[in-house]
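> Next comes the sequence, and after it the predicted model I'd like to discuss.
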Amino acid sequence: MRYLPLTETDRAEMLARIGVADIDALYADVPAHERLSGLLDLPMARGELEVERAMGRLAARNTVAGDVPFFVGAGAYRHHVPASVDHLIQRSEFLTSYTPYQPEITQGTLQVLFEFQTQVCELTGMEVANASMYDGSTGAAEAVLMAHRITKRRKAVLSGGLHPHYAATISTLSDLADDTIVALAPDPLGAEDVLAAIDGDTACVVVQSPSVFGHLIDLAPIAEKAHEVGALLVAVVTEVVALGAVEPPGAQGADIVVAEGQSLGNPLGFGGPYVGLFATRSKYVRQMPGRLCGETVDAEGKRGFVLTLSTREQHIRREKATSNICTNSGLCALAFSIHATLLGEAGLSRLAMLNHEAAIETAEALANLPGVEVLNDTFFNEFTVRLPVPAAPLVEKLAADGILAGVPVSRLLPGAGLDDLLLVAVTETVTADDRAALVADISAAL
Amino acid sequence: MLNDKGRPTRPETAEMSSSPTFTGNRGLDQEEALIFEIGRAEVSGVDLPAPKGTKSRLGARARKAAPKLPGLTEPEAVRHYVRLSRKNYAIDAGLYPLGSCTMKHNPRLNEKMARLPGFADIHPLQPTSTVGGALELVAELGRWLVEATGMKAVAMSPKAGAHGELAGMAAIKAALKARAADKSVVLVPDSAHGTNPATAALIGMAVKPVPAHADGTVRVDDVKAAIDDRVGAIMLTNPNTCGIFEPEVQEIAEVIHAAGGYFYGDGANFNAIVGKVRPGDLGIDAMHINLHKTFSTPHGGGGPGAGPVVLSERLAPFAPYPFVRMEGGRPVLVEDETAIRAGESPFGRLSAFHGQMGMFTRAYAYMLSHGADGLRQASEDAVLSANYLRACLSDLMTVAFPDHPSMHEVLFDDRFLEGTGVTTLDFAKAMIDEGYHPMTMYFPLVVHGAMLIEPTESESKASLDLFAATLRDLVMAAKRGDTERFTRAPRFAPRRRLDETRAARAPKLRWEAPKPVE
């Protein structure tokens, strides 16, 4: 077996040194009647070529985003990732290193995390960020629990513009923690009155901007109302490239900002692994979940970095920890950070505006089709269209023609009576031909 | 400065380990500044066309000032990250004996497979009719995990081990609720990973500790003594964190089941027993599988992991959304309540999408490469290697629990260092100077100055022999009073010991521009 260095001779010598007759003597504590005598019902070992063939056949049965006109978003976005990003994250020293518990020999990972935390602060307009969460949705659920700890209140208000899967993730975790969730009705027009739902029992209000329907939300009045009654504003961003063009939540009064960072550096990958960004105000740092990297000095006085404030964490505090999270999304955070470094502020601003302009062109072209209405006044790179027909069958039909047209709202909110709505995302990877194909195919199908 | 485990957190000031150079570099050991110190606002390593700048639908929400993110060109960025990478230890560079973390070789074929566009460049919300191959891979991997564990079902979406624990315990809570059983206490042994009590607390259950027996195991009599009407579950790691297979695991399962509770098995150490015994056959109701340990998806400097959780027949109905159900030989993705069937009662949703697909493809490639025969051999080699190291070291180092064979890792305590003036931390740091990553130290908490060594199946006998000889040399140096080799270590790393106390007292968690000089 190509991955196992021990030879039969080695094994025999090692057993002799241990002083046992065979390997099963080392499994003596396993109840004898439960030990497997035969092999598991799995395939037998295969060479590289055979594995490549088998997996290649499975991969070939999927429609690759990069091969077709592609307008799917709703929380995961297809952007061009510079070639050097994937090359660098495959450096052995990043890929095959563990959590940096021995800082003297993991300064590479630690400095990356320190740079990542600073980049997240700058993007979100916040004071402190952690070393990342699993993804945006789990980060949002943790943010709600954190707000409960800070305010000692147990009710969270969820905007109707929040991604329904995020809302479900928050609700599940809050239910388990016996907290209360008030979820507002879906808000495809971006017109809800979230202020009316905030009262003196509210721990936090969770608002996504751009919303899942694409609307840019003015967070400042929501933050103001929340703060008036002692509640926190949790701002959610599922398309982090938007922060290159849109006012950051921190500048609008958010107390906790959670974002999905997949857009920078990370592939669509069928939903994971992604990287959750989590940022807050300095005064709340000790209530934060997740790992934190901090600057210090070594015994020679040289600058260095360590994991710090770990008395919040499960391996020290056990049942009193701020979260049970035991990892971050290290390699995805590295990819994010490298992509952000390559872009820089000039590149990120430009990338964001290219996305925005491509989306405007697409929205205008679709709005010209008879019976098709764009619901958004404001948006970044994704918007909602109302079709004269149900969206899901139309998307299926276009998929059969080789166009991935977007996400039917009914996929996210089945039974909500929003079957005629389609979310259309447009990034810099969409060409003029892609756009023309989408418009022509929808037009033909109506 | 010591913490409550007797672990120093602040180094003594050390002399410079070599005469200073002009650059601060020491040959191949190069210093590297932060991107904020070397990048420039106007520089970008990505060439993009200029936006037209004629239209905007941002309204009043347009950003007023660009985020302060310095840019680097590609050559600068490549050099920055390559230099940083060289400050890291890695499995690819040497033996990485972190007990409980399972630092085995990461096959590169798995990286290649994960990057096939048919897996890497597909969207979680594109029509399911366009991702049949991906769903089949998820379903097939799930079937393999169920077969390897002897369970009934699997929830693939949890994103890491602790997330899998959350899924499993949430399923248990849902099952208790469905029975209207008022049982909100969880038994957790003292030797458990910190995630176990943290998970129980997260879902509103109270933790009741079970003491570890003097031989490093959990005894059924102690479990019996701890059980009352309120106990709804036990969380037990098996093989346990002392590296021992729990001999009374089946009796413990019987006791918890008889009391109307469920058995959560922490699968962190499943890599010792794949193909040897199945947790489901031992009475376990839920167990997460760390794909990044047992099935070798890379640790990546701290994630991403993946933590699918396998469930017994009693818990299978409560598996969270989304899940893949086989219908007529075809995989069907169930994302919400409109698609569930009688008998299915998901407790909710734990994340936005379908789980860590990038880890599934790697684990799939790993399992297919090894096969049923290779997976069993890998477990056996891991156990053999740990016991071999134990045999090579037990005359000089103190095996914490000598009455049981070790599984895939061997636990030493610090009795062998008594009177030497060398602590477990010092010993670990001296290993760095010898070119090794230290073992897991000060965990588990049930022994003093713990050193938990897990060599994995990836090491050759020559590599194990050199490692054992190195540790023997270090022990003898400590015993003969060569304490400076330890207390001043590491001397040959990119950094000397770091001041953790200072980092925590005045946290500096982001870069700040230097204040202009008046």
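Yep, it's here. All values reported here derive from a predicted model rather than from experimental measurement. Numbering: from 1, shown residues only, chains lettered A, B, ... in the order given.

> burial measure for residue A:89, as a count.
Using other CB atoms under 10 Å in any protein chain shown, residue A:89 is surrounded by 24 other residues. From N, CA and C alone the C-beta is placed, and that goes for glycine too.

> and if you look at the one 4 residues further on?
For residue A:93, the neighbour count with other CB under 10 Å is 23.

> ditto for the one 3 residues further on
Residue neighbour count, defined by other CB under 10 Å, stands at 23 for residue A:96.

> That one contacts residue B:299, doesn't it?
Yes: using CB atoms under 8 Å, residue A:96 is in contact with residue B:299, at 6.9 Å.

> Could you please give me the overlap between the contact lists of the two?
Counting by CB atoms under 8 Å, 6 or more residues apart in numbering or on different chains, the contacts common to residue A:96 and residue B:299 are residue B:103.

> Closest approach to chain B from the stretch 201-350 of chain A, which residue is it?
residue A:344 (1.8 Å; CB to the nearest CB).

> So residue 100, which state does it fall into?
No chain specified, so I'll use chain A. Secondary structure for residue A:100, judged by DSSP: H, G, I helix; E, B strand; the rest coil, is coil.

> that answer is for a different chain, and I need it for chain B
coil.

> That one: what's it in contact with?
B:193, B:241, B:268-269, B:409, B:440, B:443, B:452, B:454 are the contacts of residue B:100 under CB under 8 Å, 6+ apart.

> May I ask which of the residues you listed has the most neighbours?
Compared across the contacts of residue B:100, residue B:409 has the highest neighbour count, 32 neighbours, by other CB under 10 Å.

> Quick check, pLDDT for that one.
Confidence at residue B:409, expressed as pLDDT, is 97.

> Return the backbone torsion pair for it.
Phi and psi for residue B:409, reported as degrees, to the nearest 10, are phi -150, psi 150.

> And the helices in chain A?
According to DSSP state H, chain A carries its helices in the segments A:8-18, A:48-60, A:83-89, A:92-95, A:107-124, A:136-151, A:164-176, A:220-228, A:314-317, A:330-367, A:391-400, A:409-412, A:432-445.

> rewinding a little: correct me if wrong: the residue of the stretch 201-350 of chain A closest to chain B contacts residue B:45.
Yes: counting by CB under 8 Å, residue A:344 touches residue B:45, with 7.3 Å between them.

> Who has more neighbours out of those two?
residue A:344 (28 against 22).

> With mean pLDDT added, can I get the helices of chain A in a markdown table?
Output for the helices of chain A, formatted as a markdown table (pLDDT from 0 to 100):
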| stretch | mean pLDDT |
| --- | --- |
| helix A:8-18 | 98 |
| helix A:48-60 | 98 |
| helix A:83-89 | 98 |
| helix A:92-95 | 98 |
| helix A:107-124 | 98 |
| helix A:136-151 | 96 |
| helix A:164-176 | 96 |
| helix A:220-228 | 98 |
| helix A:314-317 | 77 |
| helix A:330-367 | 98 |
| helix A:391-400 | 98 |
| helix A:409-412 | 98 |
| helix A:432-445 | 97 |
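
> How many neighbouring residues does whichever residue of the stretch 101-250 of chain B sits closest to chain A have?
Closest residue of the stretch 101-250 of chain B to chain A, CB to the nearest CB: residue B:118 (2.7 Å). Residue B:118: 23 surrounding residues under other CB under 10 Å.

> and for residue A:344 and residue B:45, which residues touch both?
By CB under 8 Å, 6+ apart, residue A:344 and residue B:45 have these common neighbours: B:71-72.

> could you pull out the strands for the stretch 351-500 of chain B?
For the stretch 351-500 of chain B, the strands defined by DSSP state E, counting those that start in this stretch occupy B:398-399, B:410-413, B:440-441, B:451-453.

> would you turn the ones you listed into JSON lines with distance to chain A?
Shown next, in JSON lines, are the strands of the stretch 351-500 of chain B (distance: least, CB to the nearest CB, whole Å):
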{"stretch": "strand B:398-399", "distance to chain A": "13"}
{"stretch": "strand B:410-413", "distance to chain A": "11"}
{"stretch": "strand B:440-441", "distance to chain A": "8"}
{"stretch": "strand B:451-453", "distance to chain A": "12"}
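
> Noted, bye for now.
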